[in-house]
Every structure is written in structure tokens, then in C-alpha cells.
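S.K.: sequence first, then the predicted structure:
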Amino acid sequence: GDSVTQMEGPVTLSEEAFLTINCTYTATGYPSLFWYVQYPGEGLQLLLKATKADDKGSNKGFEATYRKETTSFHLEKGSVQVSDSAVYFCALSSGAGGTSYGKLTFGQGTILTVHP
Amino acid sequence: SAVISQKPSRDICQRGTSLTIQCQVDSQVTMMFWYRQQPGQSLTLIATANQGSEATYESGFVIDKFPISRPNLTFSTLTVSNMSPEDSSIYLCSVLDRSQNIQYFGAGTRLSVL
């Protein structure tokens, strides 16, 4: 079945540091890939997505590139801020028809803490 | 994007009781989902709720424990029945924007069972 593996957390960085959160996946077919962010006490918000190989999703300074050859979708940001402190989830939607359509498979989440 | 309201936002319940969580969306959607997020864990899909049909439950979740209603295209409820402390979690609903294949989430219901 589909699965998503994220790098172990928590990740602690100083403000303006470079961020990478690794994400690899296993899926049948051609999944869509997502990064969601969960700020303290809130629900999940879509951060970015990519729907096919070599697509780059970007939002709020975050980027991730859909790498089919390495089955990866690593999240990066060049300069993090204290306000980026949150839990980040990598997820995939297999896009298959039938009962699997629309379902998301999530990674375990990575806690990011950014210090001033 | 869809705007999703969940009620209650949090609750503290006694063992053996039941809680019904409401999910209201500001537009008509076909597919809604219910997830559970146990403390410090990722999200696990409980069931898919499509209007006009019975909810489809994932392995490990049963209708007697988590009955779901989907009376129309903008509303759904999830009931957590006969609660135990192990049911303490965040419960989230989401809706699927089929045109973009994106799920939008409510803020969640934080449930503590004593």
C-alpha cells in the first residue's frame, strides 16, 4: 500500500537558517504530493503541492520538487522565521479510482521549532 | 478554498458517554473525510462520508463506535460512542476539492476522555 516517510524530528533551528525536511514515498501509479502545516492549536493548512514529476510546489518561501526517480518530495526554505514553528506533514494522494480516490496518506509529521 | 467549521472545538468527556462532532462547509462538496490524530501522532483516516451513501470505514474503525451522518452536501457529523481514555485525540474533518484534488481541513475537535 501507499506510505510516506518523513525525517525524524524534532528539528530546532535559529532564525534565518536553512531548512530541509526530507520526505520519501511509496505509491502505485502517479500520486499527487502535498505538504501540510499545523500551527499550534490549529488544524491542517495546505502549504504546497505538486501533481507530476519535476513539478515544483512553492508557497510562503517554502519549496518542494516532485522527484519520481528518487520518490522524494523534500521541503526546503532558505531562511526560516520564528513564525514557521509548527508541525509539517508530507502526504500523498494516489489518485487511483474507486474507493481510494481522494484519500490522503500522511507521514508521521516533523516538529519544527525556530528560535530567535 | 473551502471554509470548514467544526464544533465543538474541544471537550472533556466522561468515560462511557458519547460525543457528536459537527462539520459544516461553506460550499457543496461530494466527499468529506474524518480523521483522528492521537497525541503526538500523524493523522489516521477514520472514514469517507459521501452524501447519499453509507460511510466507508477504514480498517480498525467500525460504525458502531464511530457512526457518521451525511445528510446533505454541506454537513456531516461524527459520533464517538462509549468513550474511553484511549479515544482522547484530535478529530478533524476535511473536504475534497475535486477540481484541484486538494483536501481542506477544519480546525479540529480536541477531545479528552477522563
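M.R.: Right, received. Where do you want to start? Computed from a predicted model, the values in this text were never measured in an experiment. Numbering: from 1, shown residues only, chains lettered A, B, ... in the order given.
S.K.: which ones are touching the residue nearest to residue B:16 when sequence neighbours are not counted?
M.R.: Nearest residue to residue B:16 in three dimensions, chain neighbours excluded: residue B:82, at 6.0 Å (C-beta to C-beta, 6 or more residues apart in numbering or on different chains). To be clear about C-beta, it is placed using only N, CA and C from the backbone, and glycine gets the same treatment. By C-beta atoms under 8 Å, 6 or more residues apart in numbering or on different chains, the residues touching residue B:82 are B:16-18, B:65.
S.K.: mind jotting down where the strands sit in chain B?
M.R.: Counting by DSSP state E, the segments of chain B that form strands are B:4-7, B:10-13, B:19-25, B:31-37, B:43-50, B:56-57, B:68-72, B:75-80, B:89-97, B:102-105, B:109-113.
S.K.: quick check, pLDDT for residue 77.
M.R.: You didn't say which chain, so I picked chain A. pLDDT recorded at residue A:77 is 98.
S.K.: meant chain B actually
M.R.: Looking at residue B:77, the pLDDT reads 96.
S.K.: show me what contacts the residue lying closest to it once chain neighbours are set aside?
M.R.: Spatially, and ignoring its direct neighbours in sequence, residue B:77 is nearest to residue B:69 (4.8 Å; C-beta to C-beta, 6+ apart). Applying C-beta under 8 Å, 6+ apart, we find residue B:69 in contact with B:49, B:76-77.
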